[in-house]
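**Student:** No sequence on hand, only this structure:
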């Protein structure tokens, strides 16, 4: 399954820009930081 996702991601990146991926990672990191900060989840 991992190879399928990596293959799809590399194909996606080759035809589009990294911008969507960068915003996804920033949003995910910020959400994780907030969840940890408000003790919704524990480390």
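**Tutor:** Alright, I've got the coordinates. What you see is a predicted model; the values in this text were computed from it and never measured.

**Student:** Could you check which helix or strand contains the most centrally placed residue in the chain?
**Tutor:** By CA atoms, centre = their mean, the mean C-alpha position of the chain lies nearest to residue 25, the distance being 3.8 Å. Using DSSP states H and E, the element containing residue 25 is helix 19-37.

**Student:** can you give me the mean pLDDT across that helix?
**Tutor:** In this model, helix 19-37 has a mean pLDDT of 93.

**Student:** Show residues contacting it.
**Tutor:** 13, 41-43 (CB atoms under 8 Å, 6 or more residues apart in numbering). (Each C-beta comes from the backbone N, C-alpha and C, glycine too.)

**Student:** and these as a markdown table, adding neighbour count, secondary structure and distance to residue 33?
**Tutor:** As requested, these are exported to a markdown table (neighbours: other CB atoms under 10 Å; DSSP: H, G, I helix; E, B strand; the rest coil; distance: CB to CB, whole Å):
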| residue | neighbour count | secondary structure | distance to residue 33 |
| --- | --- | --- | --- |
| 13 | 12 | helix | 25 |
| 41 | 8 | coil | 11 |
| 42 | 6 | coil | 14 |
| 43 | 4 | coil | 11 |
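
**Student:** Quick check: the farthest pair among those residues?
**Tutor:** Spatial extent of the contacts of helix 19-37 (CB to CB) is set by the pair 13 and 42 at 33.6 Å.

**Student:** burial of residue 21, as a residue count?
**Tutor:** 13 (other CB atoms under 10 Å).

**Student:** and the helix holding residue 25, how far from the chain's centre?
**Tutor:** Mean-position distance between helix 19-37 and its chain equals 7 Å (CA atoms, centre = their mean, to the nearest Å).

**Student:** again, but for stretch 12-27
**Tutor:** Stretch 12-27 sits 9 Å away from the centroid of its parent chain (CA atoms, centre = their mean).
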